[in-house]
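Novice: Sequence plus the predicted model coming up.
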Amino acid sequence: MCSVISRVGPVQRALAVTLRLKANTEGSRYAASESRRFCPGFSTRVDPLRDTRRSYCSRMALTDGLLFRQLFESESSTYTYLLADTETKDAILIDPVLETIDRDLKLVHELGLNLKVAVNTHCHADHITSTGLMKKRLVGLKSAISKFSGASADILLSEGDKISFGKHCLTVRETPGHTDGCVALVSGDQSMVFTGDALLIRGCGRTDFQQGCPEKLYNSVHQKIFTLPEQCLVYPAHDYLGQTVSSVGEERKFNPRLTKSLAEFVNIMNNLNLPKPKKIDVSVPANLVCGVHQV
């Protein structure tokens, strides 16, 4: 039997084919858009250095030639971030945790990276950094932390310093308030900022110990982080609710503390009445010496 298309005239046949092709194309586009919506950053490329997939499938920056991994330590709800240049394979690690050192070094090895710098955004009170021990296991690795942290490291960071890896770099912005030595690290194209404990997703770091000062923190966030482009992605050092990423624009609008006036913010922070971190008496002394003694 003849097909439906063959029983109509040439104009009708052309129209039918066109409509069918358009439907197929739009269907493909819809499927692709749904895939991007539920798992943005998905790529079919198999090169592990260029594969932008992440287990969280959250929105991420699309900086050309940048490998990015967000890793999680469950006890302290700490995020560790691995960034690398896909061409040179030079890499840096942000806020590594002692308990997950084997996982982190395994990933670095699997991806064939040359880890250049392990940097802490501040002297942590809730976990011990793995930076010192990692230096013993990776020849040439350097540690970095703010010069105002009071901690020892190979590189003491100041405002405007750049941490380079391949053709990429992170720029240091000093953000005291949670501690005197807090820094935010901003990508070269200002598409990403690693905020440590200064700015969390819909929250911020506490200000009741380790040189904490709510006035300083409020000004740091507003002057050093909220001045970044609104689409700049915010990657904090911790999250306790399963959130993986925010943006500067979102936090400007929806952060329940930092959208308040300075006086209101100070009042909120002075009345949190939080218990002290469980590991503070162990973590702070260790982190002052790069996570281990005699490093």
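Specialist: Structure's in. What do you need?

Novice: What segments of the stretch 151-295 of the chain are helices?
Specialist: Assigned by DSSP state H, counting those that start in this stretch, the helices in the stretch 151-295 of the chain fall at 214-220, 248-254, 262-269, 280-287.

Novice: Return the most buried member of those.
Specialist: helix 214-220 (a mean of 21; mean count of other C-beta atoms under 10 Å). Glycine gets a C-beta too; all of them are placed from N, C-alpha and C.

Novice: which helices and strands does that one pack with?
Specialist: helix 262-269 (3 or more C-beta pairs under 8 Å, 6 or more residues apart in numbering; DSSP states H and E).

Novice: send the alpha carbons of the helix it packs on over as PDB?
Specialist: What follows is helix 262-269, C-alpha atoms only, in PDB (Å, rounded to 0.1, in the frame of the first residue of the first chain):
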ATOM      1  CA  LEU A 262      24.400  46.400  59.900                       C
ATOM      2  CA  ALA A 263      22.700  47.000  63.300                       C
ATOM      3  CA  GLU A 264      20.200  44.100  62.700                       C
ATOM      4  CA  PHE A 265      23.000  41.800  61.500                       C
ATOM      5  CA  VAL A 266      25.100  42.500  64.600                       C
ATOM      6  CA  ASN A 267      22.100  41.800  66.800                       C
ATOM      7  CA  ILE A 268      21.400  38.500  65.100                       C
ATOM      8  CA  MET A 269      25.100  37.400  65.300                       C
END
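
Novice: Show me what that helix is packed against.
Specialist: Short answer (3+ C-beta pairs under 8 Å, 6+ apart): helix 262-269 packs on helix 214-220.

Novice: Kindly recompute the last result at 10 Å.
Specialist: In terms of contacts (3 or more C-beta pairs under 10 Å, 6 or more residues apart in numbering; DSSP states H and E), helix 262-269 is packed against strand 203-204, helix 214-220.

Novice: what ranges do the strands span in this protein?
Specialist: Secondary structure of the chain, counting by DSSP state E: strands at 66-73, 78-85, 90-94, 114-119, 142-146, 155-157, 162-165, 168-174, 183-187, 192-196, 199-200, 203-204, 233-236, 246-247.

Novice: what about the ones you listed, which gets the closest to residue 134?
Specialist: When the strands of the chain are ranked by proximity to residue 134, the top entry is strand 114-119, at 5.7 Å, counting by C-beta to C-beta.

Novice: Mind giving me the packing neighbours of that closest one?
Specialist: Strand 114-119 packs on strand 78-85, strand 90-94, helix 101-110, helix 131-137, strand 142-146, strand 155-157, strand 162-165, strand 168-174, going by 3+ C-beta pairs under 10 Å, 6+ apart.

Novice: any idea which of the strands of the chain is most buried?
Specialist: Counting by mean count of other C-beta under 10 Å, strand 199-200 has the highest mean neighbour count of the strands of the chain, with a mean of 28.

Novice: got a list of contacts for that strand?
Specialist: For strand 199-200, the surrounding residues in contact (C-beta atoms under 10 Å, 6 or more residues apart in numbering) are 175, 177-178, 182, 184, 193, 205, 217, 220-221, 224-226, 234-241, 243, 246, 248, 251, 255, 257-258.
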